[in-house]
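> Here's my sequence, what's the structure:
(one chain, ligands or ions: 1)
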Amino acid sequence: MGFLSYLCSCLDKRLKSATNHGGSAADEDASDTNGLFFQLSTLQIATCFFSDLNKLGHGGFGPVYKGLMPSGEEVAVKKLSLNSRQGIREFTNEVRLLLKVQHRNLVTLLGCCVEGPEKMLVYEYLPNKSLDYFLFDREKASSLDWMTRFRIITGVARGLLYLHEEAPVRILHRDIKASNILLDELLNPKISDFGLARLFPGDDTHLNTFKISGTHGYMAPEYAMHGYLSVKSDVFSYGVLVLEIVSGRKNFDLRLREKADLLTYTWALYGEGKTLELVDRSLTICNKDEAAMCVQLGLLCCQQSIPDRPDMNSVHLMLSSDSFTLPKPGKPGTHGRGGHWTTTTTSALTNTITGSTNTALTKGSGGNSSVEDYSRNSMSVSSIDEGR
Ligand SMILES: Nc1ncnc2c1ncn2[C@@H]1O[C@H](COP(=O)(O)OP(=O)(O)OP(=O)(O)O)[C@@H](O)[C@H]1O
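Model prediction:
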């Protein structure tokens, strides 16, 4: 048995024990699992009993706390409240999946804690919060010089390419946005929250915020309106993020009146040959070629026509090659991103590796999967958190 399978079987055993007996699973096999399982008491002490002072924030899946482990390592503890068996199965799948997924541009999962109704995920702690914290604050935005912004754009592309094409299972993130890009001490980007949506069962007994499927302004129109999921929906969100990073503004800002919708505004500037007007004024030094290329890349990713959007492999090539001539972008897909969507529910996945996730798809024989490929496996787009 490989090490990973061994860890998974230990995890199964532990989860079964927590489900059957409802009690602590912390006293089993702790040493055998190479630190994968954290005891609740350890996390309680590490986070000063989940004190408000240690709270890093609150996301769609619950509160996140900073913790200091006995070894001196700083961690982030994401507390989830799952009670149903379904939830526990989902949790098993999630942790299994995350264990297989490791890349320098993804936040590393260090382990988990399953004791009674308590489920927690323990991640590496990233000291510089999330990209939105810097990007959308006039003063803090100056910490993000052009080189750093370009590195973030490239790093996120690298992480997404890994999720889409290189990880052991193909993963669609579904919620790429500035607040899901965490920054390490050197302001290198790490994608967080990948696949977390699958931790929550899709039944109506849960709060809507537990069924978040995307965020207004970042969602591809075909996904927002019809629930069509494909790698190209992540590409669309990535395109919006790129435009935000270049411009230093949110994808929708009512205060900017006719310029409120970043995508529409960028398209207009591009049409008038004034692409560089988009660049954040707080950038005193900027590589204009790179900035213009990023704006064009952002527009390419956000095209209405799904097949015309590049896949992440092409995006990565465009960003890393000096000689790549970018195609002209077509009209961006703006319709339906801002608030109009329909609920789509289709049959459950049958060909996933994990058996129940919606967005981890087995790799096909080659090439990019079309929307049709994925839509057969598409998911319930049940609600969207408007506030974020
Ligand atoms: N590994 C981490 N290191 C440091 N801070 C983190 C880490 N993970 C999350 N945080 C912080 O915790 C807060 C909540 O994060 P979380 O990912 O749960 O929600 P979110 O991304 O802000 O929102 P949502 O879940 O609705 O998308 C954020 O402010 C984030 O910066």
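> can you tell me the residue of the protein closest to the ligand?
Per Cβ to the nearest ligand atom, residue 59 is where the chain lies closest to the ligand, at 2.1 Å. From N, CA and C alone the C-beta is placed, and that goes for glycine too.
> Report the contact partners of that residue.
78, 193 (Cβ atoms under 8 Å, 6 or more residues apart in numbering).
> Quick check: residues of the chain near the ligand?
56-61, 64, 76, 78, 107, 123-126, 129-130, 175, 179-180, 182, 192-193, 388 (Cβ under 6 Å from any ligand atom).
> give me the low-pLDDT residue ranges for the stretch 1-150 of the chain?
1-35, 81-94, 96 (pLDDT under 70).
> Now do the strands in it.
55-59, 62-68, 74-81, 109-115, 118-124 (DSSP state E, counting those that start in this stretch).
> What pairs with the third one, parallel or antiparallel?
Based on DSSP bridges, the strands next to strand 74-81 in the sheet, each with its direction, are strand 62-68 (antiparallel), strand 118-124 (antiparallel).
> which other residues reach stretch 270-285?
Under Cβ under 8 Å, 6+ apart, the answer for stretch 270-285 is 138, 141-142, 145-146, 149, 243, 246-249, 265-266, 269, 286, 288, 291-292, 295-296, 299, 329.
> List only those of those flagged as buried.
141, 145-146, 149, 243, 246-249, 265-266, 269, 286, 291-292, 295-296, 299, 329 (16 or more other Cβ atoms under 10 Å).
> and the residues of the chain next to the ligand, which are buried?
56, 59-61, 64, 76, 78, 107, 123, 125-126, 130, 175, 179-180, 182, 192-193, 388.
> what about residue 293, how many neighbours?
Residues near residue 293, counting by other Cβ atoms under 10 Å, number 19.
> That one belongs to a helix, doesn't it?
Yes - assessed with DSSP: H, G, I helix; E, B strand; the rest coil, residue 293 lies in a helix.
> pretty sure it contacts residue 326?
Yes - between residue 293 and residue 326 there is a contact under Cβ atoms under 8 Å: 6.5 Å.
> Need the overlap of contacts for these two.
Common neighbours of residue 293 and residue 326 (Cβ under 8 Å, 6+ apart) are residue 318.
> how about the nearest residue to residue 57, chain neighbours excluded?
residue 64 (5.5 Å; Cβ to Cβ, 6 or more residues apart in numbering).
> ok, the one you found touching residue 55?
Yes - Residue 64 is within contact range of residue 55, at 7.2 Å (criterion: Cβ under 8 Å).
> For the nearest residue to residue 95 once chain neighbours are set aside, give me its contacts.
Excluding the flanking residues, the one nearest residue 95 by Cβ to Cβ, 6+ apart is residue 112, at 5.3 Å. With contact set as Cβ under 8 Å, 6+ apart, residue 112 has these partners: 11, 36-38, 91, 95, 119-122.
> Backbone dihedrals for residue 242, please?
phi -60, psi -40 (degrees, to the nearest 10).
> Hmm, it is touching residue 300, no?
No - look at residue 242 against residue 300 with Cβ under 8 Å: they stay out of range, at 9.7 Å.
> Those two: which has the busier surroundings?
residue 242 (26 against 23).
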